[in-house]
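Peer 1: Generate coordinates for the sequence data below:
(2 chains)
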Amino acid sequence: MMASSYNAKDEDGHHPGSVGSGGPGAVKSKKPDNTAFKQQRLPAWQPILTAGTVLPAFFMIGLIFIPIGIGLLVTSNNIKEFEIDYTGVDMFSPCFNCSQSYSWNSTSACTCSVPFTLDQPFESNVFMYYGLSNFYQNHRRYVKSRDDSQLNGDKSSLLNPSKECEPYRTSDKKSIAPCGAIANSLFNDTLELFYIHPNGSRIAIHLVKTGIAWWTDKHVKFRNPGENNNNLSIVFQDTSKPVNWRKPVYELDPSDPDNNGFINEDFIVWMRTAALPTFRKLYRIIQKKKDNMTPTLPPGNYSLEVIYSILEKRITKMKTQIKMLRFTVFLRSVYCQIHKLPELSMLKKENILILFFQLQNLTFISKFYLLFFCNYL
Amino acid sequence: MARETGESGETKSTKVKKHKRRKSKKESKTRIVHANILYDLTKGGDNPNRHYANNKIKTTKYTLLSFLPKNLFEQFHRFANVYFVFIALLNFVPVVNAFQPELALAPVVFILSVTAIKDLWEDYRRHRSDKEINHLDCLVYCRIEKRYVEKYWKEVRVGDFIRLRCNEILPADVLLLSSSDPDRLCHIETATLDGETNLKQRQVVRSFIDLFDPLKYNSVIECEKPNNDLNRFRGYIIHRSGKRDGLYKDNLLLRGCTIRNTEEAVGIIIYAGHETKAMLNNNGPRYKRSKLERQMNVDVFWCVIILLVMCLFSAIGHGLWMFQYGDKRPVFDVLSPEGTELSPVVSAIYLFLTMIIVLQVLIPISLFVSIEIVKICQVYFIHQDMELYDEETDSHLQCRALNITEDLGQMQYIFSDKTGTLTGNKMVFRRCTVAGVEYSHDANARRLAMYQEMDSEEEECTSHGGTLPRRDSVTSHQSGKVVLRSQSTKSHRRTGSRAEAKRASILSKHTAFSSPMEKDITPDPQLMDKVNECSSQMEFMRFHSQSLNQIPPDLCDVFDFFIALTICNTVVVSSPNQPRQKVMGCSMLSSPSAESTLTKLKEEKRPEHDLQHAFSPVPPNFDKTKALAQDECELRYEAESPDEAALVYAARAYKCALVGRLPDQVTVELPHLGKLSFELLHTLGFDSTRKRMSVVVKHPLTEQITVYTKGADSVIMDLIRPATGMLPLMRKRQRKILYKTQNYLNLYAADGLRTLCIAKKVLSKEEYASWLQLHLEAETAIQRREELLFESALRLETNLQLLGATGVEDRLQDGVPETIASLRKAGLQIWVLTGDKQETAINIAYACKLLDPEEEIITLNEACAVLLKNNYAGLVIDGRTLAYALDKSLEDDFLAVARSCRSVLCCRSTPLQKSMVVKLVRNKLKVMTLAIGDGANDVSMIQVADVGVGISGQEGMQAVMASDFALPRFRYLQKLLLVHGHWCYSRLANMILYFFYKNAMFVALIFWYQFYCGFSGSSMVDQWYLIFFNLMFSAFPQLVTGTLDKDVSAETLQELPQLYMNGQNSEEYKPYMFWMNMIDAFYQSLICFFIPYFTYVDSDVDLFTWGTPITTLALFTILLHLGIETKTWVSLTWMNWVSIGFSIALFFIVALCYNASCPACFSPSNPYWTMQRLLGEPIFYLLCVVTPIAALLPRNIYANIFL
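Peer 2: Take a look at the predicted model:
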């Protein structure tokens, strides 16, 4: 785009013969070397700025960005998103009872079911998220309150967690596993999804609970202590569960040993502290049907069953807090080809940026106009 | 520079020690020195000299043990270092810590250690040079061996007898007790002390007339305590007999001087080591802080304010955030480790401290180090500039102050010395007028013009060869190079090319004022004929013993004119083959008296020679001297002032050569007459009030007592009176000559020549006798001797007969008028402060276009208040008036007048006045001043000015030692200021602004984040990136830009000196620019923060996966910003590209390694595999493209529209 010429000035200072030609008696003169570097005449790239070369170049750049912009725009329009708010602040919300319920000390968790209707089919894999707002997972002390080596399966850290975990380091003179405030505040609502067949029957939709965490987290960063010992209850016997938890870490998913203990993916996902106070975290994946004929979620009526469990120990203090915690479920379907893009809803904003880009081009052009005129003046 | 500071520090410490000693020994205010040999056997136990400092010098700051504490202590004098250590230590407090404490210490430790290593290296160099000096040899008398033995300098002690040979450097301050010189003189050269290259005479202490024998010495010397006054020494020597003899500064040889023209001398050491006058004088230059740095410090202060405001804002925000939850603490607000809850107020206070840690980067830790590095690089490049290299002297610019390069770009006033600075201090005989006839010496003028051409030609042809024979040099304790001049003559061996011949001449110039330009005067043919005619007639007449009166008067005048030129001076003759050895006269002396003197001398000398034969470096061989003298008789003239030498060389060109000078006779060789010896009856030396000198001689041909006077035209012309008993015809002729000569003198002056009038007077025996009587009375007078002698001289110098006048050119250095013109165009005010007389100064000012012939000149000679407000006037003020003008009550008026004048010329000013003028202008007008000079008299001015420049070419080292920059030639000032000054200033100003921007931009990112993390002091940027961002990732490109950026090319800067005003008005760095940069930084950080924010808002992104792209974007933006800010952005050199590429590569490599290194480390961020994952996501690349462009948009638009 820029016709650049290598402007190496004539290196007249190099006299290959002159060095040593003075004979043995010659004493070196203090004269500085005449090299481009020492004389500050380093060759520089000098674009030749004429409107003829520069303008087309910038129009080309603009043209390249236009299809990119269009592509992104189309893609983001193809993303379908469905959002359900089950916080239950609203009087008519099905979960109102649960949110208002004061019977926290009852062992049975509050359950509510939220009906909803999908107008359009969701094809391909559907990702199910839960979201929290005004939950400051990025609070400085909260972020620090964990012990990575404990989570990595280190035996000594298991029994003697890092000081950073205080005050969630020990309970009843036993070390807490997993220690720290992040683990302690684990999101433990249970969400189930049912398809209400037009004939009235409720068909449970299979939610896949693995594959939701980073591969490296699951396989490298998080490890259960005790190497090959499959009996996690023995491994964790000298530890106590986090104070807010209802069950110990080795019972997070008793059905699947590869998803239990520290390598439970719900747990791993939670431990990756969110950047912003309003965030979502991947909860489950609804895999597309094998036959590829019927959509993953056909249009129709659905019901979301929520086991509304609030962190028990701090109940009284959390009373008004509930209003601020807004539990939301996002349903999203992503088309295969851009499946990898984690989040494309922002692309609408991106369009503005593309405009910016065009503007930028304009300024470049204006600069070259100026230089162009200067050359002629 | 650093060395100087070191030395000054050392000197101070010794001073302190001395004070203590002085207190402890209050009883004595004087120093008593005994000879050491009397106490040798007692091993110094009761040696009275044992308390005095020995001659070992130590200028190092540290010892191995004291290095660490002392260096750290010194570094902590810098406020910034204390600040960063404080921040780092704050991290060790658990409640407020933001980073891992060890990690937080890393940058400050890095910075401190870099500086410490630099200091260590400098100190080591000092140590090495000290060692070298301490291990120089000298001859010290040993009692046991009863002879002089070689000792190291450091072993010399006060009270030792020391024998000095020709060309040796004095190891300490020595009282002269004996000299091989028949006149009991010792010649020394004080170039290293005061920069004067002419020889100075020192006298043997009066009572030691006989041959000195150390064993017989048993006197005691009582003298002053060590002090730094070079021109004062008082004391007396008490002999055993109780007789006292006074000691004066004429008896003292100072450390660092070189013995010349004296075969050997013996003395006793009075002051040694750090107590010598040279060392006490060696207080380094004051610490200079550049204007830009002062300005920068203000902005650093503003940064602190901004930081505090941001921290306070966050603290209040945090308090409010906590407060809104009331006593229902949310689950993410973790309790303190003890499980207690903190009230909002307390946590707000803690948070304030935490925020200071997190946002500490706002105060640029690496700024100070970077500036130092950049300045060193700048100095390197200035040093390497070929155009600042002087072929003739094989020297280039020296930067002695490393920390004020950018001040060169902001100068407003230049104070220049004249002689040696503007002029070459090379006097060249140009033309003369004899008996009213002008001899224009056209051929001579052409020759001079040719020399100039040759100069430029040779610069090209000599640049290829590298065969310059270098002078041997020894590093002296003053850190300068002392040139051992004797060796220079070795270079006479072969003369091949013209260039080589020239170089030989360059070297010989160092021994005298005798470049071929000055020596080879082409005689005017007309005058030459007259001289020949005259002398042949004289020869004829002498042969026929006729009276000389029959020679036509004009021929007679020509003859007298040249005799006057030859003998009316104090020139010492020496031969080049025996450098700086006094020549006793060529052989074949015709005058019997001279011969007898010589034999007398021989007799005197013999015994000494036998004694010293083994040691003497040049065994005196009279036969050889004679032979050589016969061969070529190419004599060299040593003159106190270069114009004397010029006149003697001129006379020699007319075959009227001075061949020998003894205290009582002068020998002149004339073409037909052979050698004539004039009996020298009196020499009435030059003084500035009389402005003339005279010699009274007995003419060998006429046997008349003749007075030859040479002096400034203004005084001589008034003394011309036709002799009373003269024929009217003669009288008329005299008047005519007077009239004509005056015309020519005016002509010469207009040409910028230094004019001198030559006159003579013939005294009758009676007149002489009567004058002599009074004169002898005056000479022997005890009181008012000087005054009486002055009056006596006045009595003699009356009724002179004008012979002629000479025009001597003190040649301007090459390119001076051009340099001055372009410096003026650059908006620089140039003042010339000179010790010279007014006429010369004005002449030179005209010659170098400082004064315009058309402009009005206000001359302030008496304290008249001519307050003309004229913009195009030149102001000339002389020393006495200056003293008046510098008075407190008048200085404002003086400045007002001076400012309204285009140029100011201060003549006859003393060194102190020079510095006072500079100080006055600097303080009152608040301008940046530069003082340039070459001699010792400019030192105080150089030290006072913001930037002191020394001219290193001609005179000695004194000015150079005091200066911040040393140039070989005045004309180099143009490139130094206009190009390098401009560049250095522009580069540094931009770099400093960029630094502020960069840090603010990066820190603001974290500040914006506080709004999204409950003002909890959390940071989305990994602490490793945060701490090393400045130190590693973004450090190199700005250093490269700061070193290599060129806003305008060197050629343009020199062609358009007006561009320099840019720096004078501080246009690159104005206070508002700091704020503009801050605003831009905040804007850019907003973009860099909110584009990723909107990209990832309401998503499952985690803290550091979100923070890493932000860091990357910030880096890209900052580097791209630098690319735009680089003035040569259209021609970024590959260095810029490489540095930017390197920075980006470094960031990614470090990030990838760091993110792959340890899955369970680096709490709390634990960024395992973050970067790797990001690099797999297209959105990351999209962000990297879009964000920096959006961020730089406003600056780009601004740059395009407004620049």
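
Peer 1: For residue B:31, which three-state class applies?
Peer 2: strand (DSSP: H, G, I helix; E, B strand; the rest coil).

Peer 1: thought it was touching residue B:51?
Peer 2: No: Residue B:31 is not in contact with residue B:51 according to CB atoms under 8 Å; the separation is 9.4 Å. In short, each C-beta sits where N, CA and C put it, glycine included.

Peer 1: average pLDDT across the helix or strand hosting residue B:1124?
Peer 2: Assigned by DSSP states H and E, residue B:1124 belongs to helix B:1103-1125. Average pLDDT, helix B:1103-1125: 90.

Peer 1: is any part of it close to chain A?
Peer 2: Yes: judged by CB under 8 Å from any CB of the partner chain, helix B:1103-1125 and chain A are in contact via B:1103, B:1105-1107.

Peer 1: Over to stretch B:1077-1093?
Peer 2: Yes: Stretch B:1077-1093 reaches chain A (CB under 8 Å from any CB) through B:1091, B:1093.

Peer 1: Could you give the separation of that stretch from the chain centroid?
Peer 2: Centroid displacement of stretch B:1077-1093 relative to its chain, using CA atoms, centre = their mean, to the nearest Å, is 49 Å.

Peer 1: before we move on, what about stretch B:289-300?
Peer 2: That offset, for stretch B:289-300, works out to 25 Å (CA atoms, centre = their mean).

Peer 1: buried stuff in it?
Peer 2: For stretch B:289-300, the neighbour count (16 or more other CB atoms under 10 Å in any protein chain shown) marks B:290-293, B:295-296, B:299-300 as buried.

Peer 1: Take those residues and keep only those in helices.
Peer 2: Among those, the members found in helices (DSSP state H) are B:291-293, B:295-296, B:299-300.

Peer 1: nearest to residue A:52, of those?
Peer 2: residue B:292 (42.3 Å; CB to CB).

Peer 1: can you pull the pLDDT of that closest one?
Peer 2: Here, the pLDDT recorded for residue B:292 equals 88.

Peer 1: which stretches of the stretch 801-950 of chain B have low pLDDT?
Peer 2: B:836-837, B:839-840, B:853-854, B:860-873, B:936 (pLDDT under 70).

Peer 1: Which one's more surrounded, residue B:31 and residue B:51?
Peer 2: Using other CB atoms under 10 Å in any protein chain shown as the criterion, residue B:31 and residue B:51 rank with residue B:31 on top: 19 against 11.

Peer 1: Point me to the helix or strand that includes residue A:156.
Peer 2: Residue A:156 belongs to helix A:155-159, assigned by DSSP H and E.

Peer 1: Briefly note if that helix comes near chain B.
Peer 2: No: shown here: helix A:155-159 not in contact with chain B (CB under 8 Å from any CB), separated by at least 8.6 Å.

Peer 1: buried ones in that helix?
Peer 2: So helix A:155-159, judged by 16+ other CB under 10 Å, has buried residues A:157-158.

Peer 1: List the contacts of it.
Peer 2: Outside of helix A:155-159, the residues within contact range by CB atoms under 8 Å, 6 or more residues apart in numbering or on different chains are A:147, A:149-150, A:175, A:177, A:225-226, A:236, A:238-239.

Peer 1: With distance to residue A:200, neighbour count and pLDDT added, can I get these in a markdown table?
Peer 2: Converted to a markdown table, those look like this (distance: CB to CB, whole Å; neighbours: other CB atoms under 10 Å in any protein chain shown; pLDDT from 0 to 100):
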| residue | distance to residue A:200 | neighbour count | pLDDT |
| --- | --- | --- | --- |
| A:147 | 51 | 26 | 91 |
| A:149 | 53 | 19 | 91 |
| A:150 | 49 | 28 | 91 |
| A:175 | 52 | 19 | 91 |
| A:177 | 46 | 26 | 86 |
| A:225 | 49 | 22 | 88 |
| A:226 | 49 | 16 | 80 |
| A:236 | 45 | 22 | 88 |
| A:238 | 52 | 11 | 86 |
| A:239 | 48 | 23 | 89 |
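
Peer 1: Would you tell me which residues of the stretch 151-300 of chain A are close to chain B?
Peer 2: Close to chain B, as judged by CB under 8 Å from any CB, the stretch 151-300 of chain A has residues A:151-152, A:154, A:162-164, A:166-168, A:181, A:184-185, A:214, A:216-217, A:220-221, A:244, A:269, A:272-282.

Peer 1: Now, of those, which are buried?
Peer 2: Neighbour-count burial (16+ other CB under 10 Å) applied to these gives A:151-152, A:154, A:162, A:164, A:166-168, A:181, A:184-185, A:214, A:216-217, A:221, A:244, A:269, A:272-282.

Peer 1: Among these, which ones are in helices?
Peer 2: In helices, defined here by DSSP H, the members of those are A:151, A:181, A:184, A:216, A:269.
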